[in-house]
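Q: next one to model:
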Amino acid sequence: MKKWGILTVCLMLAGSMLAGCGDKNKEGASTADNGSNQANAKTIVLGTSADFPPYEFHKMIDGKDQIVGFDIDIAKEIAKDMGANLEVKDMDFKALLGELSSGRVDFVISGMTPDENRKKEVDFSNNYYKAEQAVVVREKDKDKYKTMQSLEGVSFGIQTGSIQEDIAKTIPNAKITGLGKINDIIMQLNSGRVDASIMEKPVAEAFLKNVKGLAIADAVPDYQEDGYAIGVKKGNQEMVDQINKTLDRLNTEKKIDQFVSEASDLAAKK
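A: Numbering: from 1, shown residues only. Prediction:
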């Protein structure tokens, strides 16, 4: 009887150890490497639209599809400072604020401008980056579009819910096709279904390094904006304060400029 009792205890201990290993593997399956990787750390969920190089984009690295970019680098630093693991959720840009308000993501980083309409829905961190706007056209048509006036009546492919959509709506008689992903806009431009698009200049430059037949026109949108910020669910001041603390550190260390440079180089690599 004593031998059977010892054997039963051993089997129970072995089962517990195996179950523990199974739980740990499951927990790490959907988290990004942010330098934390603590087994018992909490997980914070980032919402982003990963079609916006060098901000956030997909890249095959060591045979694995990964979401990278300087926005992702910033998110990893936020998670690290919080002692948390980072989970990244990729979705259409127009869905981001709804996911944030519902609590399905904890914060949003996606080259987002904190305009007055968005501030009614969510809270924002301090600004962390500012970029110029650019008009992208087919290379053979570049000389047609030297001024914004020359774009009147032109067909545009524009990311739905973006600041660029607001800019396009100010152009007289512009024909706007709203699309969820920048990749789709590039395809529409190349196929001749639209004649132009408005994008962040770093985004346009990143795509043009890898896509032949497109160019940045001389026309420059006259749009004043305050730069980009990180979205947080309305009323979560603790999260806003934590994010601002990390952004202050990154600015002091000149890390954001470094992240932008590294992400731009990575986006340009085939």
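Q: give me the number of residues near the nearest residue to residue 101 once chain neighbours are set aside?
A: Using Cβ to Cβ, 6 or more residues apart in numbering and skipping the chain neighbours, the partner closest in space to residue 101 is residue 121 (6.0 Å). Glycine gets a C-beta too; all of them are placed from N, C-alpha and C. By the measure other Cβ atoms under 10 Å, the count of residues near residue 121 is 13.
Q: how far away is residue 121 from residue 141?
A: Here the criterion is Cβ to Cβ, to the nearest Å. By it, residue 121 lies 37 Å from residue 141.
Q: what's the answer for residue 72, then?
A: 34 Å.
Q: which one's more surrounded, those two?
A: residue 72 (24 against 16).
Q: now the more buried one: how far from residue 47?
A: In this structure, residue 72 and residue 47 are 12 Å apart, going by Cβ to Cβ.
Q: cool, residue 101 as well?
A: Separation of residue 101 from residue 47 (Cβ to Cβ) stands at 11 Å.
Q: show me the shaky parts of the stretch 1-150 of the chain.
A: 1-39 (pLDDT under 70).
Q: 50 instead, please
A: Across the stretch 1-150 of the chain, residues meeting the criterion (pLDDT under 50) sit at 1-30.
Q: ok, residue 213 - how many residues close by?
A: By other Cβ under 10 Å, neighbour count at residue 213 equals 11.
Q: so it is in contact with residue 137, correct?
A: No: judged on Cβ atoms under 8 Å, residue 213 makes no contact with residue 137 at a distance of 10.2 Å.
Q: can you pull out the helices in the stretch 101-250 of the chain?
A: With DSSP state H, counting those that start in this stretch as the criterion, the stretch 101-250 of the chain has helices at 116-121, 163-169, 182-191, 201-208, 237-252.
Q: residue 176 is nearest to which of those helices?
A: Closest approach to residue 176 among the helices of the stretch 101-250 of the chain (Cβ to Cβ): helix 163-169, 5.2 Å.
Q: just to revisit the earlier point, of residue 101 and residue 47, who's got more company?
A: Neighbours were counted for residue 101 and for residue 47 using other Cβ under 10 Å; residue 47 has more, 24 against 14.
Q: did I read that right, the more buried one in a helix?
A: No: using DSSP: H, G, I helix; E, B strand; the rest coil, the assignment for residue 47 is strand, not a helix.
Q: wait, doesn't residue 82 sit right on residue 243?
A: No: Residue 82 is not in contact with residue 243 according to Cβ under 8 Å; the separation is 9.1 Å.
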